[in-house]
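Asks: sharing a model prediction with you, sequence too.
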Amino acid sequence: MKKIEIFTDGSSLGNPGPGGWCALLRYKGFEKILSGGEEHTTNNRMELKAVIEALKALKEPCEIELFADSTYVLKGINEWLEGWIKKNFKNVKNVDLWKEYINVSKNHKININWVKGHSGHRENEICDKIAHKEASKRK
């Protein structure tokens, strides 16, 4: 399995408001940046969308080190998702994205790492800047 590093961030100007997301994928020293956004969304949706879009870009099963500053994404994946599935996502926000995450993540081995946002972490700062720019384009 290929080993990939993925760094993600999401942004919204207002919550809800215009939003943007960014993912930086790294394989053997090569980096690829993906980004996008939506007119009316939330920060949590953009954080999760960044992860989903990064996973969708992979063409084969990979071993992934995922880095995000979102405790929503971190806890969603590591702690809450299993329970949400058992209760059929009753009273869970962003069900569409969580179901999409399940689908796009199933062939990968993912280890998620929390990074402190706005702390000088190179890749997080890049993703934050691009996600904010994407949100600003939709203002």
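Replies: Right, received. Where do you want to start?

Asks: CA only for contacts and neighbour counts going forward, please
Replies: Fine.

Asks: look at the nearest residue to Ile33 once chain neighbours are set aside and say how many residues are nearby.
Replies: Of all residues not flanking Ile33 in the chain, Leu24 sits nearest, at 4.5 Å (CA to CA, 6 or more residues apart in numbering). Residues within reach of Leu24, counting by other CA atoms under 10 Å, total 23.

Asks: how close does Leu24 get to Cys127?
Replies: Distance of Leu24 to Cys127, computed by CA to CA, to the nearest Å: 7 Å.

Asks: shared neighbours, those two?
Replies: Phe7, Thr8 (CA atoms under 8 Å, 6 or more residues apart in numbering).

Asks: kindly state the beta-bridge partners for Ile64.
Replies: Beta bridges link Ile64 to Ile4, Ile110, judged by DSSP bridges.

Asks: wait, it sits on Leu25?
Replies: No - with contact defined as CA atoms under 8 Å, Ile64 does not reach Leu25; the gap is 9.8 Å.

Asks: between those two, which contacts overlap?
Replies: Ile4, Glu5, Ile6.

Asks: that's all I had, so thanks and see you.
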